[in-house]
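Undergrad: Below are the sequence and a predicted model; questions follow.
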Amino acid sequence: MSHVGNSKGFTIVELMLAMAFISVLMVAIAMTVIQIMNAYNKGMTLRSVDQAGRSVSQDIRYTLASSQILDVGAAGEGGVDFVPQIQLGGVINNPDGGRLCTGSYSYIWNTGKGLSNPINRFATGDDVIRLVKIRDNSKAYCNVVLTPQVQREGASELLGSEDRQLAVQSFKIITAAADPIMQQALYKVTLELGTSDENALNRDATVATIDTNCKPPSDDASQRDYCAVSKFEFSARTGNRGN
């Protein structure tokens, strides 16, 4: 007596369904990994901006605490000790750089939009100034007649050089209160700091406000995961610790 085997295998339809399921699963896993990486990159970008902003704010606050009263001009538009800088043909509300001289240290920067043709340069070398701090007891760097180039020796770059290159997008300082007799004053400082890819940023140069922001995801030039701009507002008092 002979017996005929009755074992069954996968049909073509079943194989196709299994392959389709595996393909969908792999796509879902890939999309999840991409989303996780995007969230990670965005988080690291925000963290980089936040850490730099806090560090710079603290540095400026500490330096001003040992300074005498500064002349920053009316409404923070510039004075003897605060010099917003504009390239020829530029817009007054949208400086290309600036200098703040405290009598002990001076802060010198190029704004993000000015990095391609920096208004502030080192006297030697090709390194780009983002935001440097340099000893300047005589406030020589705020001399608008000479506007000396920055000496590399003794200059400290506060924004460093890293993968997420940062830049000062705008800087403003105004006098909130002053007591010339006591040589004390209170200043409100607004620092806008962010990534420096100009193609990924929106800025309105027609208004005297600090409102640079990243382009939305719908824009072809958007770099959502690698773009971040934050505004840091803080008060700083001169004359806290004497000279």
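TA: Done, it's in.
Undergrad: any idea how far E233 is from N120?
TA: Plainly put, N120 is 24 Å away from E233 if you go by C-beta to C-beta, to the nearest Å. (Glycine included, C-beta is placed from N, CA and C.)
Undergrad: Next, count neighbours for the closest residue to G79 other than its chain neighbours.
TA: Counting by C-beta to C-beta, 6 or more residues apart in numbering, G73 is the residue found nearest to G79 once chain neighbours are left out, at 3.3 Å. By the measure other C-beta atoms under 10 Å, the count of residues near G73 is 17.
Undergrad: Quick check: G73 vs I174, distance?
TA: G73 is 9 Å from I174, where distance means C-beta to C-beta.
Undergrad: Likewise for S218?
TA: 36 Å.
Undergrad: The two: which is more packed in?
TA: I174 (15 against 6).
Undergrad: ok, that one touching E233?
TA: No: counting by C-beta atoms under 8 Å, I174 sits too far from E233 to count as a contact (11.0 Å).
Undergrad: got the contact list for A176?
TA: A176 makes contact with 185-188, 235, according to C-beta atoms under 8 Å, 6 or more residues apart in numbering.
Undergrad: Low-confidence bits of the chain, can you list those?
TA: 1-10, 161-163, 204-210, 240-243 (pLDDT under 70).
Undergrad: how about the helices in it?
TA: Using DSSP state H, the helices of the chain run over 12-65.
Undergrad: Number of residues surrounding R135?
TA: Using other C-beta under 10 Å: R135 sits among 12 other residues.
Undergrad: Skipping adjacent residues, who's closest to A185 in space?
TA: Closest to A185 by C-beta to C-beta, 6+ apart is A178, at 4.0 Å.
Undergrad: who's in contact with the one you found?
TA: 69, 184-186.
Undergrad: List the ones among those that fall in strands.
TA: Those of the contacts of A178 mapping onto strands are 184-186, per DSSP state E.
Undergrad: Relative to V27, which of the residues you listed is nearest.
TA: Among these, L186 lies closest to V27 (C-beta to C-beta), at 57.9 Å.
Undergrad: Quickly list what the closest one is bridged to.
TA: A177, R237 (DSSP bridges).
Undergrad: V168 too?
TA: Going by DSSP bridges, V168 forms beta bridges with T111, L193.
Undergrad: ok, it touching K113?
TA: No: counting by C-beta under 8 Å, V168 sits too far from K113 to count as a contact (10.3 Å).
Undergrad: Pick out whichever of these two has more residues nearby.
TA: Using other C-beta under 10 Å as the criterion, V168 and K113 rank with V168 on top: 27 against 22.
Undergrad: Contact partners for the closest residue to Y226 other than its chain neighbours?
TA: Using C-beta to C-beta, 6+ apart and skipping residues adjacent in sequence, the residue nearest Y226 is T45, 5.6 Å away. Neighbour list for T45: 164, 195, 225-228 [criterion: C-beta under 8 Å, 6+ apart].
Undergrad: and which of those residues is nearest to W109?
TA: T195 (15.2 Å).
Undergrad: so how far is Y105 from that closest one?
TA: In terms of C-beta to C-beta, T195 sits 26 Å off from Y105.
Undergrad: can you check Q149 too?
TA: Distance of Q149 to Y105, computed by C-beta to C-beta: 17 Å.
Undergrad: Settle it for me: which of the two has more neighbours?
TA: The residue with more neighbours, out of Q149 and Y105, is Y105; 23 against 14, by other C-beta under 10 Å.
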